[in-house]
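Asks: Sequence plus predicted model, see below.
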Amino acid sequence: MTEPFEPGVELARFCAGRSETGAVASFVGIARGERGAATALELQAYPGFTEVEIGRMADAAAQRFSLDDVLVIHRHGAIAPGEPIVMVATASAHRREAFEACDYLMDYLKSRAPFWKKEHGPQGARWVEPTARDLDDLSRWE
Amino acid sequence: MRVLLFGRLSDVAGWRERAFDPPPASLAALKALIVAEDAALGAAIGGPGVQTAVDRAIVRGDAHLAVDAEVAFLPPMSGG
């Protein structure tokens, strides 16, 4: 989606009507301003490809951690500092699986999701590739 | 046949989407055409980590292209 979203509203909707779930964990990623060095973030998606790949990641997490349900919201387009970029929520019978699945999905989204990221700042614009730390985080799950 | 470029590839080429008419019959023929027209873009699409999708599925090696195929060149993905 390209429009801003309201994490609280999404989380309330995700939690509603779950009398047997027991645990919901969530994470919200927010665009950093880098103390003025980043004036805007541009995330390019490949419509029809990006959603399918993210859906695959979400299905893999649901299977691996026996989730009842999973929510992934990811924005693309121009995103201003302070705006939410990504939200993940995971529902399971017990908290451990919910926390771990949320962590796992975020590591995948941060390193493997089909987006191309451009940072705009006072020094101009540059394309960003995954950091060593993103790739290290991902290797925890292999 | 349409070609889509993502990330830094569109900056190298100066375009994001282009129709090729007449359509090349294979991925190899398309790449040869791009190399002949724009050496910088040709080198960039052959660079490390650049993947190719035909009709939104990743393809390795050569592939036949239908006349209405959509080919996308995908540089290393950054994640969100």
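Replies: Right, received. Where do you want to start?
Asks: Can you tell me which residues in chain A are near chain B?
Replies: Residues of chain A lying close to chain B by C-beta under 8 Å from any C-beta of the partner chain are A:29, A:43-44, A:46, A:48-49, A:52, A:74, A:85-86, A:109-118, A:127-130, A:134. Using the backbone N, CA and C atoms, a C-beta is placed for each residue, glycine as well.
Asks: From the residues you listed, keep the buried residues only.
Replies: Buried members of those, scored by 16 or more other C-beta atoms under 10 Å in any protein chain shown, are A:29, A:43-44, A:46, A:49, A:74, A:85-86, A:109-118, A:127-130, A:134.
Asks: Could you list which of those residues belong to strands?
Replies: Counted as lying in strands by DSSP state E, out of those, are A:G29, A:L43, A:Q44, A:H74, A:I85, A:V86, A:F115, A:W116, A:K117, A:K118, A:W127, A:V128.
Asks: Could you dump the residues you listed into JSON lines with pLDDT added?
Replies: Output for those, formatted as JSON lines (pLDDT from 0 to 100):
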{"residue": "A:G29", "pLDDT": "95"}
{"residue": "A:L43", "pLDDT": "94"}
{"residue": "A:Q44", "pLDDT": "95"}
{"residue": "A:H74", "pLDDT": "96"}
{"residue": "A:I85", "pLDDT": "94"}
{"residue": "A:V86", "pLDDT": "95"}
{"residue": "A:F115", "pLDDT": "95"}
{"residue": "A:W116", "pLDDT": "95"}
{"residue": "A:K117", "pLDDT": "92"}
{"residue": "A:K118", "pLDDT": "92"}
{"residue": "A:W127", "pLDDT": "90"}
{"residue": "A:V128", "pLDDT": "85"}
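Asks: and residue 59, how many residues sit next to it?
Replies: No chain was given, so I picked chain A. Look at A:D59: counted by other C-beta atoms under 10 Å in any protein chain shown, it has 12 neighbours.
Asks: my bad, chain B
Replies: The tally of other residues near B:V59 (other C-beta under 10 Å) stands at 15.
Asks: ok, now the one 3 residues further on?
Replies: Using other C-beta under 10 Å, the number of residues around B:D62 comes to 13.
Asks: which non-adjacent residue is nearest it?
Replies: Of all residues not flanking B:D62 in the chain, B:A28 sits nearest, at 4.6 Å (C-beta to C-beta, 6 or more residues apart in numbering or on different chains).
Asks: who's in contact with the residue in chain A that chain B sits nearest to?
Replies: Closest approach of chain A to chain B (C-beta to the nearest C-beta) occurs at A:W116, with a separation of 3.4 Å. A:W116 sits next to A:L43, A:Q44, A:W127, B:F6, B:G7, B:R8, B:P75, B:M77, B:S78 when contact means C-beta atoms under 8 Å, 6 or more residues apart in numbering or on different chains.
Asks: Could you dump these into CSV and include distance to B:V54?
Replies: CSV is the format used below for the contacts of A:W116 (distance: C-beta to C-beta, whole Å):
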residue, distance to B:V54
A:L43, 24
A:Q44, 19
A:W127, 24
B:F6, 14
B:G7, 18
B:R8, 21
B:P75, 17
B:M77, 17
B:S78, 22
